[in-house]
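using only what follows, build the 3D model:
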Amino acid sequence: MEKDIRVPSLAGEIDRLERQYFVGRERELDVYARRLESGSSEGCILNVYGTGGAGKSYLLDEFRRLSEAARIPYLLLDCRALGPESVGFCRQLLRSLGYSPERLNALAQDVHSLTELVLDELRDPAGGGKRVLALDTFEEIGELEGWLREEFLPRLSPDVRIVISGRTPLQGPWLASPAWRQLIVRMPLEELDYRAVKQYLSRSGIEREELVRQAWSRTRGHPLTLSLFVSTTLAQSVLPAHAAVIENAFAQTVSVWLKEVPNAAVREAVEAAAVLRRFNQELLSFVLEKPMPTEQFLQLTGFSFVRKTDNGWVLHDMLRDAIGYELRQRAPNYYDRLWKRCVTFYYLALKKKPPAIPSAWERSDWVYYIGDRLVRTLFYQQFVSGFAEALSPANWTEAEQYIAARLASARDVRINGHNPESGEPFEYFMEASDCINIYRHLNLHELYRLDPSIVKLLRDARGCICGMAGVLPIHERTLDYLLTHPLFSAYFSSLSKPELERLRTPREQAAGYFVMFIEVSDYSDPTLCHMAGLTFIQYMLSAGLMVTTSPAIPFFHAIFRGLGFERVKEIVHFEYGDGKPTPYFALDTRGSRLQDYLNRMIAAVGISQARHDGEDRFELLSKREREVVDLMVQDCSNLEIAQKLFLSEATVKRHVTNIYGKLQIKKRTQLLNLHAGRRSPPNGAGSGR
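Numbering: from 1, shown residues only. Down below sits the predicted model:
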């Protein structure tokens with residue numbers, strides 16, 4: 001009896017290595033495995049989608065390996081090679097089924113015969129009747145999509161599992177039909193998390209914690225950029241912080257993404273979106289100083305590197321960084337103009353809000369634009385998916401266990417990062433005792449009795465506790481406690497009686513907040529740092545007064561200053577047990593102080609305070625509307641304006657209506673009076689490019 005001797009092949013070795021470097025897609029693999037095992041046709045279509053370089057093809061390779069392990073035939077077609085005809089699709093599929101060129105040439109070439117043959121082959125009982133048909137780069141399917149959806153897929157056996165992979169999710173008719181919606185399971189591919197990035201780097205021979213942090217900060221877990229970054233780093237034997245490595249990885253990634261952008265007008269919109277944290281049609285029009293056509297905006301939001309959020313659309317972090325970096329190098333004045341227009345937009349929005357409270361996303365975006373570079377680097381490099389949960393009897397034991405674990409495992413921390421705008425590195429050091437100092441004095445029962453909303457548990461995307469926050473609302477029920485507790489009393493006892501009475505508001509209307517602490521399990525983990533920072537920021541501008549304190553750690557104090565907090569003069573406490581005088585920091589935006597704060601922050605980014613409200617309102621006008629205003633103040637009629645600007649008179653009338661609405665006026669004489677009170681003409685703020 002002959003022995004079954006398996007000779008290792010190069011293909012097998014490549015497959016083994018690729019599997020070794022495959023990390024971070026456990027959830028997707030679990031969904032796929034369950035779909036293979038399921039006997040139901042519900043959810044038989046897996047729709048994998050994500051940006052260029054998100055790892056879709058690598059995931060499909062892993063799907064193949066899982067199928068082979070289950071002895072289920074796996075057929076993969078690349079839609080780029082199919083051609084526009086359904087005959088070509090059938091021939092490619094038959095080739096995947098093992099048909100030789102000679103056998104294919106002998107077949108009839110009409111679509112009906114080929115379709116019937118393919119359907120018969122796919123009903124072959126091999127593998128228990130199950131098969132997997134995977135279609136990669138589905139965005140290139142073209143005219144075949146309709147035939148595939150209407151003629152081919154509905155006739156497949158229920159045992160066939162279908163994977164459709166592309167840059168964008170299935171849309172249009174796929175979602176219009178309740179039947180198709182029931183069959184489709186969406187599988188968006190996000191960036192790899194920190195754990196997966198660390199695992200990939202380790203398998204690539206990069207173990208040093210400092211280098212792991214830098215690679216994570218640079219690539220944000222985008223698989224293609226991470227792979228390019230590692231390969232370039234290893235090939236050049238340089239540290240990941242080397243500028244040439246970064247630019248090389250960025251350039252290659254951007255070239256993959258921007259293949260989707262068809263023309264210069266849309267490229268201009270992409271560049272403006274790269275300056276924004278999030279955008280919508282109104283904001284892009286304001287920043288570009290001209291109306292953005294709806295068709296162009298819909299084209300922009302349909303790209304694979306753009307995703308929808310609750311409050312607008314966002315560009316992929318890596319693309320935003322890469323385009324922003326290139327734009328700053330190529331056209332620094334234009335970039336600066338776009339940035340200042342963003343600041344002005346939110347400045348005007350916040351001015352309109354009082355006495356109403358700005359929404360959480362408006363506060364967050366405002367801080368993004370006016371915060372210093374450290375703030376943007378630490379807290380805005382990605383959208384955090386964790387959440388805060390109020391302390392309650394249901395999670396009390398978890399909270400105590402977390403505190404015990406932090407006290408037992410505290411260690412010194414180095415926070416390394418780089419400025420994405422300048423590339424300059426920074427480093428902060430925190431001693432272990434400083435990281436957990438607050439827990440030595442924390443009384444959960446006391447704070448819970450005072451107000452159950454004070455203590456919150458910070459949980460990551462998996463629901464695990466990764467931090468804790470203690471934020472005391474300032475109102476009639478908490479004020480006496482704040483006056484007597486040693487940690488707070490030095491500040492509140494320094495206030496006059498009238499000032500204290502202003503803080504003694506009803507419980508449901510907090511006069512402000514005292515941030516006692518916001519702590520995470522690892523400050524060197526960028527994801528957790530983001531979560532802590534955004535938790536802090538969400539309270540800013542939500543009430544009139546925000547006060548905080550912390551051990552004498554340069555990292556925290558730099559953040560307070562970057563957010564516009566001011567150190568309270570001559571008031572300190574000694575409650576951290578280290579014998580050091582600890583200062584308080586305060587941000588007071590009550591009444592007219594909000595305007596003072598806004599003016600102070602925009603001045604810090606180089607925007608002068610407007611003396612007149614009318615001047616602020618003129619910033620709302622588009623470039624074309626400013627041209628119309630220029631001619632209106634020259635006493636031109638609508639017809640004359642139309643002739644000078646090569647527009648129809650109806651278009652000019654529409655511009656005039658929009659101008660009146662934005663300036664909150666009703667007639668031309670009001671416009672002339674408002675314009676006369678400005679320091680500079682509407683176009684005096686500068687031009688675009």
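
now do the strands in the stretch 451-600 of the chain.
455-459, 465-474, 512-520, 545-549, 566-573, 582-588 (DSSP state E, counting those that start in this stretch).

and the last one, which strands flank it?
Strand pairing for strand 582-588, determined by DSSP bridges: strand 545-549 (antiparallel), strand 566-573 (antiparallel).

and the angle for that strand with strand 512-520?
Going by axes from the mean of the first three to the mean of the last three CA atoms, to 10 degrees, strand 582-588 is angled at 120 degrees with respect to strand 512-520.

gap between strand 582-588 and the chain center?
30 Å (CA atoms, centre = their mean, to the nearest Å).

also the fourth one?
Relative to its chain's centre, strand 545-549 lies at 28 Å (CA atoms, centre = their mean).

quick one: pLDDT of residue 483?
We have a pLDDT of 94 for residue 483.

surely it and residue 494 touch.
No. If you go by CB atoms under 8 Å, residue 483 and residue 494 don't touch, sitting 10.5 Å apart. No exception for glycine: its C-beta is placed from N, CA and C like everyone else's.

what's the neighbour count on residue 544?
22 (other CB atoms under 10 Å).

with adjacent residues omitted, what lies nearest to it?
residue 590 (3.5 Å; CB to CB, 6 or more residues apart in numbering).

can you tell me how far residue 559 is from residue 536?
8 Å (CB to CB, to the nearest Å).

in terms of neighbours, single out the busier of these two.
residue 559 (26 against 22).

residue contacts, the more buried one?
Going by CB atoms under 8 Å, 6 or more residues apart in numbering, residue 559 touches 374-375, 378, 533, 536.

out of these, who's the most crowded?
residue 378 (24 neighbours).

winner for burial among the strands paired with strand 582-588?
strand 545-549 (a mean of 22; mean count of other CB atoms under 10 Å).

mean confidence for that strand?
The model assigns strand 545-549 a mean pLDDT of 92.

show me where pLDDT drops low in the stretch 251-400 of the chain?
Scanning the stretch 251-400 of the chain for pLDDT under 70 picks out 251-254, 256-257, 310, 318, 352-361, 372-373, 377-385.

show me the helices in it, by range?
264-275, 281-288, 294-301, 317-330, 332-352, 360-370, 373-379, 396-409 (DSSP state H, counting those that start in this stretch).

could you export those helices as CSV, including distance to residue 437?
Output for those, formatted as CSV (distance: least, CB to CB, whole Å):
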stretch, distance to residue 437
helix 264-275, 39
helix 281-288, 42
helix 294-301, 46
helix 317-330, 33
helix 332-352, 35
helix 360-370, 26
helix 373-379, 21
helix 396-409, 10
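
OK, contacts around the residue nearest to residue 400 when sequence neighbours are not counted?
Leaving aside its sequence neighbours, residue 400 sits nearest to residue 444 (CB to CB, 6+ apart; 7.4 Å). By CB under 8 Å, 6+ apart, the residues touching residue 444 are 391, 396, 399-400, 455.

do you know the pLDDT at residue 444?
92.

same question for residue 234.
For residue 234, pLDDT reads 60.

about what we covered before: is the residue nearest to residue 544 in contact with residue 546, as I believe?
No. Contact criterion CB under 8 Å: residue 590 and residue 546 do not qualify, at 10.6 Å.

ok, what's across the strand from residue 465?
Here residue 465, judged by DSSP bridges, has bridge partners residue 459.

that one reaches residue 459, doesn't it?
Yes. Using CB under 8 Å, residue 465 is in contact with residue 459, at 5.8 Å.

against residue 157, how distant is residue 120?
From residue 120 to residue 157 the distance is 10 Å (CB to CB).

hang on, the earlier thing: so which of the contacts of residue 444 is the closest to residue 338?
residue 455 (41.2 Å; CB to CB).

what's the burial count for the closest one?
Using other CB under 10 Å, residue 455 has 23 other residues around it.

for it, give the beta-bridge partners.
Under the criterion used (DSSP bridges), residue 455 bridges to residue 470.

quick one: contacts for it?
390-391, 399, 444, 447-448, 468-470 are the contacts of residue 455 under CB under 8 Å, 6+ apart.

now do 10 Å
Contact partners of residue 455, counting by CB atoms under 10 Å, 6 or more residues apart in numbering, are 390-392, 396, 399, 442, 444, 447-448, 468-472, 516-517.

buried only: go through those for me.
Neighbour counting with 16 or more other CB atoms under 10 Å marks 391, 399, 442, 444, 447-448, 468-472, 516-517 as buried within the contacts of residue 455.

could you identify the most distant pair in those residues?
399 and 472, at 16.9 Å, using CB to CB across those.

now the helix or strand containing residue 28 - C-alpha only, PDB.
Counting by DSSP states H and E, the element that carries residue 28 is helix 26-37. Provided in PDB are the C-alpha atoms of helix 26-37 (Å, rounded to 0.1, in the frame of the first residue of the first chain):
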ATOM      1  CA  GLU A  26     -13.200  37.500  14.500                       C
ATOM      2  CA  ARG A  27     -16.800  38.800  14.300                       C
ATOM      3  CA  GLU A  28     -17.000  38.600  10.500                       C
ATOM      4  CA  LEU A  29     -15.600  35.000  10.500                       C
ATOM      5  CA  ASP A  30     -18.100  34.000  13.100                       C
ATOM      6  CA  VAL A  31     -21.000  35.400  11.000                       C
ATOM      7  CA  TYR A  32     -19.600  33.500   7.900                       C
ATOM      8  CA  ALA A  33     -19.200  30.300   9.800                       C
ATOM      9  CA  ARG A  34     -22.800  30.400  11.100                       C
ATOM     10  CA  ARG A  35     -24.100  31.100   7.600                       C
ATOM     11  CA  LEU A  36     -22.200  28.100   6.300                       C
ATOM     12  CA  GLU A  37     -23.800  25.900   8.900                       C
END
